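Enquirer: got a structure for you, letters missing:
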């Protein structure tokens, strides 16, 4: 259970438990926005189960990936749009 | 394009889908179990870094490992239902066609999230949403959390948060005390639910109350709770607020299955068959009723899809859990305070940032969509459409294919599928 992986969030590396979601990894840096809304408001994960799309981020260069439905693995690059 | 052919396709790997898949796989046919999450279990048996698989899930995983003809497709979205008993899926960014003889919908439910002033601030989540995020590894240690909304899920969410080191400042339930108390008293008759009844004894549980405002500039800093017209503001880091569950019926509606106008559930007969001959539905999508009911319905749906006699014991069990579900629904029915219209500048549609005031200026959901773009973002109105139906009494929004944002390749595949009826 103690296995850990290293991901890169906005250029900073972060050690997280294996099988943590990307949404969880982002929240490990504190409660703050993970994307900007169409009018520029900060937003973060809301539904936690793949419905609301608020937690979408860019993962390994792929845009609009749902953080709550993506698991962290070693070397994963996550970009938020704060 | 990749085509997978199966006897029975099951959409959703929560309790209903898993139960259906096991029953179907035992019969020896080719079965596909599709789920958009990376791992099986649904919401209630969600696995995570500190979350070993729940006992029933572990049992399922152990048993089904040997079923060579059971294909489990995780992280797989259903993009469209192009007809001729085919589903267009997307997995690893690539389209895939699944052809089936029988289809079992076990698409579960989502939370009913209702807007309040400040609900777009980081730190506001659903109640089940908080639970899902925490199970996924989101840390809440030391955080002050207000759990709010309605239903037994609030207590489960509060319990999860507390076990992960959070301080639950209040559990705010909209249903009045008398109704909740009557419900708790009746739980003595339903042994399986006793644990929840005990949990109801938590000190910070407030009935007849709603959250009216989240305060903060870049994140939640405090929350205002209204109890019978009196407001109180508490400091908090998070607000986890959800008003019960809504059946997920996007795929069912696209397939032409009839649904209930009132609660949105897919209509099923005694064999869990929908209004479409070869389509069955089980679990929350066929009516909110909890994990136990979902498991039983999943098994019944599989027996019906296999064309074997339905076990009478399962039917009796289903009826018992359905009776319990009706009691829960009556207890936690949304009252006037929960349905109260928030201020006009509160956002209704979070995808397109459309306020309640802007939407209220229109006579129907369709008009509002055309004029304001509400409900036209990536969630396709799954959040705000439900809120609009509660606040304005409009019929529920219906999503269109693609049911979720997909890659261009999948869109091209969808087009090819509708042009060539046979492959």
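Expert: Thanks, I have it. The model shown is predicted, which means the values in this text are computed figures rather than measured ones.
Enquirer: ends of stretch A:46-62, how far apart?
Expert: Stretch A:46-62 has an end-to-end distance of 21 Å (criterion: Cα to Cα, to the nearest Å).
Enquirer: try stretch B:63-77
Expert: Counting by Cα to Cα, the length from the leading to the trailing residue of stretch B:63-77 is 25 Å.
Enquirer: can you list the residues that contact it?
Expert: Outside of stretch B:63-77, the residues within contact range by Cβ atoms under 8 Å, 6 or more residues apart in numbering or on different chains are A:69, B:4, B:6, B:13, B:21-22, B:24-26, B:28-40, B:89-92, B:96, B:403-404, B:406. In this view, the C-beta of every residue, glycine as well, is placed from N, C-alpha and C.
Enquirer: Among those, name the buried ones.
Expert: A:69, B:4, B:6, B:13, B:21-22, B:24-25, B:29-37, B:39-40, B:89-91, B:96, B:403-404, B:406 (16 or more other Cβ atoms under 10 Å in any protein chain shown).
Enquirer: Among these, which ones are in helices?
Expert: In helices, judged by DSSP state H, the following of these are found: B:21-22, B:24-25.
Enquirer: Quick check: which ranges of the chain have low pLDDT?
Expert: I'll assume chain A. Within chain A, the set of residues satisfying pLDDT under 70 comprises A:1-2, A:82.
Enquirer: Oops, wrong one, chain B.
Expert: In chain B, residues with pLDDT under 70: B:188-203, B:420-423.
Enquirer: Just the buried residues of the longest strand anywhere in it, please?
Expert: Scanning chain B for the strand with the most residues, using DSSP state E, yields strand B:94-105. For strand B:94-105, the buried set under the neighbour-count rule, 16+ other Cβ under 10 Å, comprises B:95-98, B:100, B:102-105.
Enquirer: Nearest to chain A, out of the ones in helices among the buried ones among the contacts of stretch B:63-77: which one, please.
Expert: Chain A has its nearest neighbour among those in residue B:21, at 19.7 Å by Cβ to the nearest Cβ.
Enquirer: The closest one - nearest residue in space that isn't next to it in sequence?
Expert: Of all residues not flanking residue B:21 in the chain, residue B:33 sits nearest, at 4.5 Å (Cβ to Cβ, 6 or more residues apart in numbering or on different chains).
Enquirer: now for stretch B:115-123, what's the gap between its first and last residues?
Expert: Stretch B:115-123 has an end-to-end distance of 14 Å (criterion: Cα to Cα).
Enquirer: Report whether it contacts chain A.
Expert: Yes - when contact is scored as Cβ under 8 Å from any Cβ of the partner chain, part of stretch B:115-123 falls within range of chain A: B:120-123.
Enquirer: What about these, which are in helices?
Expert: Among those, the subset assigned to helices under DSSP H is empty.
Enquirer: Tell me the residues of the stretch 201-350 of chain B that contact chain A?
Expert: Looking at chain A, the residues of the stretch 201-350 of chain B close enough under Cβ under 8 Å from any Cβ are B:218-220, B:237-238, B:350.
Enquirer: Just give me the closest of the residues you listed to chain A.
Expert: Using Cβ to the nearest Cβ as the measure, the one of those that approaches chain A most closely is residue B:219, at 4.8 Å.
Enquirer: where do the strands sit along chain A?
Expert: When assigned using DSSP E, the strands of chain A occupy the ranges A:4-9, A:12-17, A:35-36, A:42-43, A:56-59, A:62-66, A:77-79.
Enquirer: Quick one: name the residues of the stretch 51-200 of chain B near chain A.
Expert: With the criterion set to Cβ under 8 Å from any Cβ, the stretch 51-200 of chain B comes near chain A through B:52, B:75, B:93, B:110-111, B:113, B:120-126, B:128-133, B:136-139, B:143.
Enquirer: now those: which count as buried?
Expert: Using 16+ other Cβ under 10 Å as the burial test, these include B:75, B:110-111, B:113, B:120-126, B:128-133, B:136-139, B:143 as buried.
Enquirer: Just these: which are in helices?
Expert: B:128-133.
Enquirer: Quick check: the farthest pair among these?
Expert: Taking Cβ to Cβ, the two most distant members of those are B:128 and B:133; they sit 9.7 Å apart.
Enquirer: Which neighbours do these two have in common?
Expert: With Cβ under 8 Å, 6+ apart applied, the overlap between the contact sets of residue B:128 and residue B:133 consists of residue A:48.
Enquirer: Appreciated, that's everything.
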